[in-house]
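J.: predicted model follows, preceded by the sequence.
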Amino acid sequence: MFFPEVRMRRLRRNENLRRMVREHRVSVDDLIYPMFVMPGKDKQQEISSMPGIYRYTIDRLVREVEEVYSLGIPAIILFGIPEEKDEAASGAYDEHGIIQEAVRAIKKEVPEIIVITDVCLCEYTSHGHCGVIKDGEVNNDITLELLAQTAVSHAEAGADMVAPSDMMDGRVAAIRSALDAEGFEHVPIMSYAAKYASAFYGPFREAAESAPKFGDRRSYQMDPPNVREAIREIELDIEEGADIVMVKPGLAYMDVVRAARENFDHPIAVYNVSGEYSMVKAAAERGWIDEKRIVYEILTGFKRAGADLILTYHAKDVARWIKEGSFGRY
């Protein structure tokens, strides 16, 4: 049948009809909120390139996490800025490191929230790379030992999940083995399985003070044109024991999310990264776009592509919009 018997607009006439036949929905349960913690007391610093996003000292961070959880957001992911950095990234696996102390404080005051910790060395190394430098290059296998040690220290502090973001070969297996050996079989791994060498990370590097002091990260992060390589990376991480796999960034890589969804039954996360957030914020501040509608389209696009979980700096705003019933209403 064709027009006039078929009229597709019949089910678009009003909001309730559209709600009834909506194919994909963004829920607060899908959201993971990235947060930054820094040394000191009773301070917060807004990140100039990320309006509305702050670095917090641990006491302020705990209060912020209380608000995040009150909005119904089930999980956060933590990034730490240590007091000192060195070539061995010792702050990453220090029992009393910034992340370890932050996790303890959060789990004491907001025990129900899922605390995910980023497992990487770039915030802790004096050179800003994600691993140990040997003969001028990031040494993969030596780095694995420190990543595993870092993950165990996070689990000992009370982390509910660890998320290796370094893109070293074999890191999921190394972390899984170390966690299991220390009695943390129950701690899941969310791997940054397909992480691209992207220009979208700029604001994050300001936030986490993690820009490399020399060179770049293209020898370990993925080349943006490659999709088949991403599928191999994801498959390897799943074989090594990843419980959730992530694609990062999100907007320019929705085809990778879709390819992952078509190939694997594992939960898939997507990271709506700092540059994507900042572009939306900058345009909204100038009145060029409707922020709420743009965010709705972006996050719905991630869900439509096949993502189960969305790491996004928009999470608090989205949770409020969902609560007030305005998210997705035009």
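T.: Sure, I can see it. Remember, it's a predicted structure, so these values are computed and weren't measured experimentally.
J.: test for you: state the pLDDT assigned to the closest residue to Asp243 other than its chain neighbours.
T.: Excluding its sequence neighbours, the residue lying closest to Asp243 (CB to CB, 6 or more residues apart in numbering) is Pro188, at 3.8 Å. Any C-beta I mention is one placed from the backbone N, CA and C, and that applies to glycine too. pLDDT for Pro188: 97.
J.: roughly how far apart are Pro188 and Ala194?
T.: Noted for Pro188: a distance of 18 Å to Ala194, by CB to CB, to the nearest Å.
J.: who has more neighbours out of these two?
T.: Each of Pro188 and Ala194 has its neighbours counted (other CB atoms under 10 Å); Ala194 has more, 28 against 19.
J.: so the more buried one makes contact with Met222?
T.: Yes: using CB atoms under 8 Å, Ala194 makes contact with Met222 at a distance of 6.4 Å.
J.: about what we covered before: hmm, the residue nearest to Asp243 is touching Met161, no?
T.: Yes: contact criterion CB under 8 Å: Pro188 and Met161 qualify, at 4.9 Å.
J.: what touches both of Ala194 and Met222?
T.: Residues touching both Ala194 and Met222 by CB atoms under 8 Å, 6 or more residues apart in numbering: 230, 233.
J.: and Glu5, how many neighbours?
T.: 6.
J.: go on, Val172?
T.: 27.
J.: same question for Lys281.
T.: 21.
J.: tell me the pLDDT at the residue nearest to it when sequence neighbours are not counted?
T.: Distance criterion CB to CB, 6+ apart; nearest residue to Lys281, sequence neighbours excluded, is Pro51 at 4.7 Å. Pro51 carries a pLDDT value of 95.
J.: mind checking the SS state of Pro51?
T.: coil (DSSP: H, G, I helix; E, B strand; the rest coil).
J.: ramachandran coordinates for it?
T.: phi -50, psi 130 (degrees, to the nearest 10).
J.: next one: it from Trp288, what distance?
T.: 15 Å.
J.: who has more neighbours, the two?
T.: Per other CB under 10 Å, whichever of Pro51 and Trp288 has more neighbours is Pro51, with 16 against 10.
J.: how close does the more buried one get to Lys107?
T.: On the measure of CB to CB, Pro51 and Lys107 end up 29 Å apart.
J.: and for Met20?
T.: 41 Å.
J.: so between these two, which is more surrounded?
T.: Higher neighbour count among Met20 and Lys107: Lys107, with 18 against 8, using other CB under 10 Å.
J.: counting neighbours, which bits of the strand or helix carrying that one end up buried?
T.: In this structure, Lys107 sits in helix 98-109 according to DSSP states H and E. For helix 98-109, the neighbour count (16 or more other CB atoms under 10 Å) marks 98-107 as buried.
J.: residue ranges with poor pLDDT in the stretch 201-330 of the chain?
T.: Filtered on pLDDT under 70, the stretch 201-330 of the chain yields the residue ranges 208-218, 330.
J.: now do the strands in it.
T.: In the stretch 201-330 of the chain, the strands defined using DSSP state E, counting those that start in this stretch lie at 244-248, 268-272, 309-312.
J.: give me the contact list for the lengthiest helix in the chain.
T.: In the chain, taking DSSP state H as the definition, the longest helix is helix 140-157. Here helix 140-157 makes contact (CB under 8 Å, 6+ apart) with 88-89, 92-95, 97, 99-101, 103-104, 107, 117, 119-121, 130-132, 134, 162, 164, 166, 168-171, 174-175, 177-179, 182, 184, 187, 189, 220.
J.: show the average pLDDT along whichever helix or strand comes after it.
T.: Heading C-terminal from helix 140-157, the first helix or strand you meet, by DSSP H and E, is strand 161-164. For strand 161-164, mean pLDDT rounds to 97.
J.: same question for stretch 20-34.
T.: For stretch 20-34, mean pLDDT rounds to 94.
J.: please save the CA atoms from that stretch in PDB.
T.: Taking Å, rounded to 0.1, in the frame of the first residue of the first chain, the C-alpha atoms of stretch 20-34 are listed here in PDB:
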ATOM      1  CA  MET A  20       4.400   5.200  22.400                       C
ATOM      2  CA  VAL A  21       6.300   4.300  19.200                       C
ATOM      3  CA  ARG A  22       9.700   5.600  20.200                       C
ATOM      4  CA  GLU A  23      12.300   3.000  19.300                       C
ATOM      5  CA  HIS A  24      15.200   4.200  21.500                       C
ATOM      6  CA  ARG A  25      15.200   5.900  24.800                       C
ATOM      7  CA  VAL A  26      17.900   7.500  26.900                       C
ATOM      8  CA  SER A  27      17.500   6.600  30.600                       C
ATOM      9  CA  VAL A  28      19.400   7.900  33.600                       C
ATOM     10  CA  ASP A  29      20.400   4.300  34.100                       C
ATOM     11  CA  ASP A  30      22.500   4.600  31.000                       C
ATOM     12  CA  LEU A  31      24.700   7.400  32.400                       C
ATOM     13  CA  ILE A  32      28.200   7.400  33.800                       C
ATOM     14  CA  TYR A  33      29.500  10.800  35.000                       C
ATOM     15  CA  PRO A  34      33.200  11.500  34.700                       C
END
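J.: nice, that's everything, thank you.
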